[in-house]
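# Turn this into a model:
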Amino acid sequence: MRTVSFLVLVLFAIQIHAQDFKGIATYKTSSSIKISLDSTKTTDGQQELINKMLRQSMQKEYELKFTKEASNWKVIESLDKAAQGNSSVQVRFVGVGSGFNGGTLYKNIKDKQFIEEADVFGKPFLVKDSLPEYDWELTTETKQIGQYTCYKAIYKNETTQVRFSFGDVAEEEKGKQEEKITQEVIAWYTPQIPVSHGPDDYYGLPGLILELNDGNRVMICSKIVLNPEEAVVIEIPSKGKKVNSEEYQAIVQEKAEEMQSIYSNGRKKGESGIQFRIGG
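Numbering: from 1, shown residues only. Next up, the predicted model:
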């Protein structure tokens with residue numbers, strides 16, 4: 001009953017204070033994704049150096065433009081290019097809502113639809129589908145982020161993690177392996193900004209999400225400008241081959257398997273094996 005009462009109070013407060021809110025929020029992101037190399041061909045120090053450069057290459061800044069009903073999520077290009085220029089490791093991830101493909105993600109929380117520009121090895125796609133449903137568990141736990149009091153929300157999801165291994169790795173580890181995992185997403189939102197938006201494809205809480213950890217990534221809001229004098233223009237992406245989420249994920253998986261096959265067949269003797277994961 002306490003949780004239900006808390007939810008009712010928060011929603012009531014938002015209805016009272018809701019207005020034509022608009023703004024621009026900047027988020028800093030980091031990732032815990034790792035690449036595993038064949039331990040017989042690389043030292044611990046070499047592997048740690050590679051993963052350190054990988055982490056650096058994935059530290060980006062994103063901009064979330066939002067109105068009451070719609071939003072755009074997009075990497076800040078100038079900073080992204082600067083980061084790429086300072087890194088000797090370039091990694092490109094593909095996948096709807098991955099936050100790594102550099103395109104614009106448009107969300108309309110009223111219609112519960114999204115449109116995203118995506119890219120698979122240079123071929124543009126326009127992914128259009130329904131927004132995912134997040135069954136958030138609201139808690140009364142709070143913490144301060146900047147000047148805002150934030151509440152903790154939790155979402156648990158059963159998902160499939162796909163691992164591709166190729167090169168000089170153990171025979172039983174080669175190829176594609178799938179594993180069912182429970183992904184826990186922790187979000188911190190503030191009712192002081194009464195919009196249901198958040199970073200990447202996350203949304204649906206009674207307040208703007210200022211921090212989110214989905215297991216692989218941490219996204220933290222570093223700056224907010226509310227109701228700026230200049231108009232907040234929300235773009236609707238329109239370029240690329242039109243596909244839905246399921247079709248796009250099938251394309252991504254096909255290309256990953258193709259890359260695995262090309263690398264395995266073309267690998268020179270003695271080269272190290274590589275493992276990487278998609279999902280979860």
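# so where is the chain shaky, pLDDT-wise?
Within the chain, the stretches with pLDDT under 70 are 1-19, 32-59, 78-102, 161-176, 260-280.
# mind redoing it with 90?
Residue ranges of the chain with pLDDT under 90: 1-21, 29-60, 77-103, 119-123, 157-183, 215-217, 249-280.
# And the strands in it?
Taking DSSP state E, the strands of the chain run over residues 23-31, 36-37, 60-66, 70-75, 105-108, 113-120, 123-130, 137-145, 148-166, 175-190, 208-213, 217-226, 241-243, 274-278.
# how far away is Asp129 from Ile115?
Look at Asp129 and Ile115: by Cβ to Cβ, to the nearest Å, they are 8 Å apart. To be clear about C-beta, it is placed using only N, CA and C from the backbone, and glycine gets the same treatment.
# higher neighbour count, those two?
With neighbours defined as other Cβ atoms under 10 Å, Asp129 and Ile115 compare such that Ile115 has more, 20 against 16.
# Export only the CA atoms of stretch 121-135, formatted as PDB.
The C-alpha coordinates for stretch 121-135 follow below in PDB (Å, rounded to 0.1, in the frame of the first residue of the first chain):
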ATOM      1  CA  PHE A 121      28.500  -1.400 -42.100                       C
ATOM      2  CA  GLY A 122      27.700   1.800 -44.000                       C
ATOM      3  CA  LYS A 123      24.200   0.900 -45.100                       C
ATOM      4  CA  PRO A 124      21.500   3.200 -43.600                       C
ATOM      5  CA  PHE A 125      18.300   1.900 -42.100                       C
ATOM      6  CA  LEU A 126      15.200   3.700 -40.700                       C
ATOM      7  CA  VAL A 127      13.800   1.600 -37.900                       C
ATOM      8  CA  LYS A 128      10.200   2.300 -37.000                       C
ATOM      9  CA  ASP A 129       8.300   0.400 -34.300                       C
ATOM     10  CA  SER A 130       6.400   0.600 -31.000                       C
ATOM     11  CA  LEU A 131       8.300   1.700 -28.000                       C
ATOM     12  CA  PRO A 132       9.300  -1.100 -25.600                       C
ATOM     13  CA  GLU A 133       7.100  -1.400 -22.500                       C
ATOM     14  CA  TYR A 134       9.000  -0.900 -19.200                       C
ATOM     15  CA  ASP A 135       7.300  -2.300 -16.100                       C
END
